[in-house]
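Student: Structural data only, the sequence is not supplied:
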């Protein structure tokens, strides 16, 4: 059904260029496609068209371009990888793990201070689990006792602001799949 709908509405013969008019055309087509699915009753729960409609209004609702200056990280993105000397084992780190490291450096480099702070932040259980995983990874990478060389020259003031916002304000999905 999706391919049939797209074939008649989306396929273009000219190369696709990311321009406002093409973005508007594409989002209109996606809105129409989801509307068609919703009307066809393709799901017993129906389809929540609100996010698609919001995207449509945001992109198509004005003649002005609304550029995002910085795409915000979710925290799950790749940040860095370290290969232990003398082995082929690579330890990878995410943005949220970098943020935990930055909170650690702002906590006078005491892990117990972060543990104490976790008692008063949203999604404390999930962040505590991430903190323990981070410490295990840092141990494997050989940086647990000295993090400064690991991050030196790789962070800026915005990273510290992102770390603070993520640690103190961000709610994380729980293991059950929902949000707190």
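Tutor: Received, thanks. Source: prediction; values computed, not measured.
Student: Centre of the chain to stretch 155-166, how far?
Tutor: 15 Å (CA atoms, centre = their mean, to the nearest Å).
Student: Correction: the previous question concerned stretch 132-140.
Tutor: On CA atoms, centre = their mean, the centre of stretch 132-140 falls 21 Å from the chain's centre.
Student: Please point out which parts of that stretch sit buried.
Tutor: 134-135, 137-138 (16 or more other CB atoms under 10 Å). To be clear about C-beta, it is placed using only N, CA and C from the backbone, and glycine gets the same treatment.
Student: mean confidence score for it?
Tutor: In this model, stretch 132-140 has a mean pLDDT of 93.
Student: Can you name the residues in contact with that stretch?
Tutor: The contact list for stretch 132-140 (CB atoms under 8 Å, 6 or more residues apart in numbering) reads 84, 89, 91-93, 97, 100-101, 111, 144, 147, 150.
Student: mind giving me the domain split of the chain?
Tutor: 2-60, 78-169 (automatic domain parsing).
Student: Show the contacting residues for the residue sitting nearest the centre point of the chain.
Tutor: Closest to where the C-alpha atoms of the chain average out (CA atoms, centre = their mean) is residue 74, at 2.2 Å. By CB under 8 Å, 6+ apart, the contact list for residue 74 reads residue 95.
Student: Please, which helix or strand holds it?
Tutor: Here residue 74 is covered by no helix or strand, with elements defined by DSSP states H and E.
Student: which other helices and strands contact the lengthiest helix in the chain?
Tutor: If you go by DSSP state H, the chain has its longest helix at helix 20-40. Where contact means 3 or more CB pairs under 8 Å, 6 or more residues apart in numbering; DSSP states H and E, helix 20-40 is packed against helix 2-9, helix 50-60.
Student: For the domains of the chain, which has the smallest mean pLDDT value?
Tutor: Per-stretch mean pLDDT for those is lowest at domain 2-60 (a mean of 65).
Student: could you say what helices and strands the host helix or strand of residue 167 packs with?
Tutor: Using DSSP H and E, the element containing residue 167 is helix 157-169. Counting contacts by 3+ CB pairs under 8 Å, 6+ apart, helix 157-169 packs against helix 95-106.
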